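Visitor: my questions concern the predicted model and sequence given below.
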Amino acid sequence: MKKEMQGNLMLLLTALIWGSAFVAQSAGMEYVGPFTYNMSRSFIGFLVLIPVVLFFRKSSLKEHPLSKEEQRALNKGSVKGGIFCGLALGIASCVQQVGVSMTTAGKAGFITALYIIIVPILGIFLRKRIPKIIWLCVVIALVGFWLLCIKEGFSISAGDLFCLLCALCFSVHIMVIDHFTAQPTDSIMISCVQFLVAGIFSAVLTLIFETPTWSAIWDARLTILYAGVLSSGVAYTLQIVAQRYTNPTVATLLMSLESVFAALFGGLVLHEVLTGKELLGCVLVFAAVILAQIPLPTGKKTAES
């Protein structure tokens, strides 16, 4: 239970960092295209994590020595996990950027947040039992996101479909992480490899669809560094480490708080004013997350049932 609580706190910090990063990402789009931005932040996340992987691996081997064969197996599983996670993350991030450019931010935020319902549905297909209280939390959170994000009439456009595809891709990313962290793997190494793969994926799209310049990237350097170091290097690594101890459905509820934090940071930094309807949406999402933390009578994690 202690490790599960630590995992939940890490996911809460992850959501906080992601929410604050929306401000940086929005500012960065004024200088570079979406694929260039994703490529730059991903490679920065990869470079930042290289020394972290080496440091923690050295410390871990001192406490729990492994044979060369065990180290090879650990590295092989971690690299494999990083490749699959990186492909899912690269696709999700790029699809999200395309969708955001074709629809309103409010609708994009709501549709992307639909991963909180997609993940438990995918869990059913993987024969994972979802407690009824968690389904109730999902419904409450969905209502909250509607109040928070939807500011106009709702209709389906091409951009909305891209955002829906993005929600599906992020759901797959969460489930892939859950799969590999249930095995003997190095969470930080998985994160490091995933950013290398996501960066390469974004670089290919950049070369095909955009013509980036070093001057434009330099102009966006502060926003790229913020997103690369904190949002990518720190937050996504915290996500992978935390999901080792948290069931994926509760994890999605915690991480979905990024939209609430984004709205709050928008008010603090960009001086955006939240309406009563939007504040009620924030309250409902927070209530859903808190309700999901109430210990169940069985005391078992969904992922273990």
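Guide: Yep, that arrived. Numbers count the residues shown, from 1 in each chain.

Visitor: okay, buried residues for stretch 52-72 please.
Guide: V52, V53, R57 (16 or more other C-beta atoms under 10 Å). Quick note: C-beta positions are derived from backbone N, CA and C, even for glycine.

Visitor: strands of this protein, residue ranges please.
Guide: Per DSSP state E, the chain carries no strands over any range.

Visitor: ok, and what's touching stretch 243-251?
Guide: By C-beta atoms under 8 Å, 6 or more residues apart in numbering, the residues outside stretch 243-251 that reach it are 3-4, 6-8, 11, 116, 119-120, 123, 128, 130, 134, 138, 174-175, 177-178, 181-182, 187, 239, 242, 254, 292-293, 301-304.

Visitor: and what of stretch 87-94?
Guide: Taking C-beta under 8 Å, 6+ apart as the rule, stretch 87-94 contacts 34-35, 38, 42, 166, 169-170, 172-173, 176, 194-195, 197-202, 205, 236.

Visitor: tell me which of the residues you listed fall in helices.
Guide: 34-35, 38, 42, 166, 169-170, 172-173, 176, 194-195, 197-202, 205 (DSSP state H).

Visitor: restricted to buried residues, select the contacts of stretch 243-251 in PyMOL.
Guide: Here is the PyMOL selection string for the buried members of the contacts of stretch 243-251, based on 16+ other C-beta under 10 Å:
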select buried, resi 4+7+8+11+116+119+120+123+128+130+134+138+174+175+177+178+181+187+239+242+254+292+301+302+303
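
Visitor: still on that earlier bit, put the buried members of the ones in helices among the contacts of stretch 87-94 into a ChimeraX selection.
Guide: Applying 16+ other C-beta under 10 Å to those, the buried members can be selected in ChimeraX as follows:
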select :34,35,38,42,166,169,170,172,173,176,194,195,197,198,199,200,201,202,205
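
Visitor: just the C-alphas of stretch 203-223, formatted as CSV.
Guide: Taking C-alpha atoms only, stretch 203-223 is exported to CSV below (Å, rounded to 0.1, in the frame of the first residue of the first chain):
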residue,chain,number,x,y,z
ALA,A,203,12.3,13.5,-37.1
VAL,A,204,11.1,11.4,-40.0
LEU,A,205,7.8,13.3,-40.0
THR,A,206,9.7,16.6,-39.7
LEU,A,207,11.8,15.9,-42.8
ILE,A,208,8.7,14.9,-44.8
PHE,A,209,6.2,17.7,-43.8
GLU,A,210,8.3,20.6,-42.3
THR,A,211,11.3,22.7,-43.1
PRO,A,212,12.7,23.6,-39.7
THR,A,213,15.6,26.1,-39.3
TRP,A,214,18.1,26.3,-36.5
SER,A,215,17.2,29.9,-35.9
ALA,A,216,13.5,29.0,-35.3
ILE,A,217,14.5,26.2,-32.9
TRP,A,218,16.8,28.6,-31.1
ASP,A,219,14.0,31.1,-30.7
ALA,A,220,11.8,28.4,-29.1
ARG,A,221,14.7,27.1,-27.0
LEU,A,222,13.2,28.0,-23.6
THR,A,223,9.9,26.3,-24.3
